[in-house]
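>>> Predicted model and sequence follow; I will ask about them next.
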Amino acid sequence: MRVHLLYSEEIGLERYDSLLDLLQTIKGTIQFVKQRDQGVQLRVTGLGFMERKGSEKRHDFHSSTDLPSVSWETLFNVCRTFRQQYDIGDNEFVVLLTDYANELNWFSAPDLSGARNMFVQTSGWGVFAHGEWRYPVVYQIVTNLLRHFMARNLEEMEDIIHLESIGCMNDFNRDKRGIQYKLRTADICSACAQRIKDHVSDKNIVRQVIAYMDLVRTHMLFRSRFTFTKQPSSLCISRNGQEIKFTDLGDTLFELSPLNKAVFLFFLNHPEGVVLNDLVDHQVELRGIYQNLNPNKDQEAVRTTIENLVQPGTGGITESLTRIKRAFVQAVGADIAEYYYISGRRNEPYRIGLDRVWVHWE
Ligand SMILES: [Zn+2]
């Protein structure tokens, strides 16, 4: 079952990609299709009848107040146009991600005309720590997929929604704080479970949705415990360094480009730290790690890449460190990220603070 994810301009590709990374950690019947791979760049412009013409001012999508709002019809029309333009089959889903608020202030909604469209709001998750917006968004996407089979129209939808919170996926939460409750329980009440049994014939879809709900739950619990344990997640590094996973976060894969990954693994090997200008003396080791990650790359290319990276004054290494830091902040939020990224002061050793007892090589 293919699910096309449309990003809108205000989200930006970096956030879009990091959401996709998270969605793709669980494989199965539900396949999330990245539109960039097909060369489709859907940019939702002209959404904003509320945007002042000629105004360069960008909206602050991180604060939940004063978000410009769009009608449901406008949002679903974007999905419909996309379907038509790219000849998307009726049995495939189209999900529009947008930072805009919507007329009824829902976090997400299915197209109740029966088409397999939905929108999910990706902004205003400020009550969740930075980088965490992906978890409630993943939850919204997958539970809406399931809900599509459970309710075919508005009446049926009203039937399955619980106005009182009972910790079920079909709780109707009025605010984003309330939603944390169902994210943590990751539960489905017995009435809804029966309905799923009766209405969803492909049990693989159900299993996969539940796996996503568990992933979100694990993350939420880890985070709430972290506030008092201050205990970071273990890292599991496997396949010769190709794969880095957060063990205590449901084995979430941590993605970095090969060069940045090589830099990270190098510093992981040097708990004592290394002064950035001294990296030129460590080229052999860096080359070895980088070559390991790219077994098919020719040696000369590897040599050049590493030379450019460590050459003092070129900024290569600084840029790499910035990207690594940003990736960790995106993945686990700023406070937990501090344990993993490489930091230091000018002319002093740069290092990764993480106690290496949390690192496991496989
Ligand atoms: Zn229920």
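Everything's here; your move. Numbers count the residues shown, from 1 in each chain.
>>> Give me the neighbour count for residue 355.
11 (other C-beta atoms under 10 Å). (Glycine included, C-beta is placed from N, CA and C.)
>>> One more: residue 142?
Neighbours around residue 142, by other C-beta under 10 Å: 25.
>>> which residues sit in contact with it?
By C-beta atoms under 8 Å, 6 or more residues apart in numbering, residue 142 lies in contact with 30, 208-209, 212-213.
>>> how far away is it from residue 360?
With the distance defined as C-beta to C-beta, to the nearest Å, residue 142 ends up 29 Å from residue 360.
>>> on that earlier part again, go through the contacts of residue 142 and flag which are in helices.
208-209, 212-213 (DSSP state H).
>>> Tell me the helix or strand right after whichever strand or helix holds residue 225.
Using DSSP states H and E, residue 225 maps to helix 203-229. With elements assigned by DSSP H and E, the helix or strand that comes after helix 203-229 is strand 235-238.
>>> on contacts alone, who are the packing partners of that next one?
strand 243-246, strand 359-361 (3 or more C-beta pairs under 8 Å, 6 or more residues apart in numbering; DSSP states H and E).
>>> Name the strands paired with the last one and say parallel or antiparallel.
Strand 359-361 has the following strand partners under DSSP bridges: strand 235-238 (parallel).
>>> Quick check: buried residues in the strand it pairs with?
235-237 (16 or more other C-beta atoms under 10 Å).
>>> what about stretch 240-257, distance to the chain center?
13 Å (C-alpha atoms, centre = their mean, to the nearest Å).
>>> And for stretch 307-316?
With C-alpha atoms, centre = their mean, you get 31 Å for stretch 307-316.
>>> Also stretch 221-229?
Per C-alpha atoms, centre = their mean, the centroid offset for stretch 221-229 relative to its chain is 20 Å.
>>> Give me the contact list for it.
Applying C-beta under 8 Å, 6+ apart, the set of residues contacting stretch 221-229 is 129, 132, 184, 231-233, 248-249, 333, 335-336.
>>> what residue of this protein is the furthest out?
residue 281 (36.9 Å; C-alpha atoms, centre = their mean).
>>> Can you check the pLDDT for that residue?
We have a pLDDT of 96 for residue 281.
>>> Show the contacting residues for residue 30.
Residue 30 touches 1, 3, 142, 145, 205, 208-209, counting by C-beta under 8 Å, 6+ apart.
>>> er, residue 339 I mean
232, 352-354, 358.
>>> and if you look at residue 151?
So residue 151 contacts 110, 157, 159-160 (C-beta under 8 Å, 6+ apart).
>>> Residue 313: what secondary structure?
Three-state call for residue 313 (DSSP: H, G, I helix; E, B strand; the rest coil): coil.
>>> quick one: the helices in the chain?
So, for the chain - with DSSP H - the helices run 13-23, 72-86, 134-150, 154-160, 179-185, 190-199, 203-229, 258-268, 283-293, 299-310, 316-332, 334-337.
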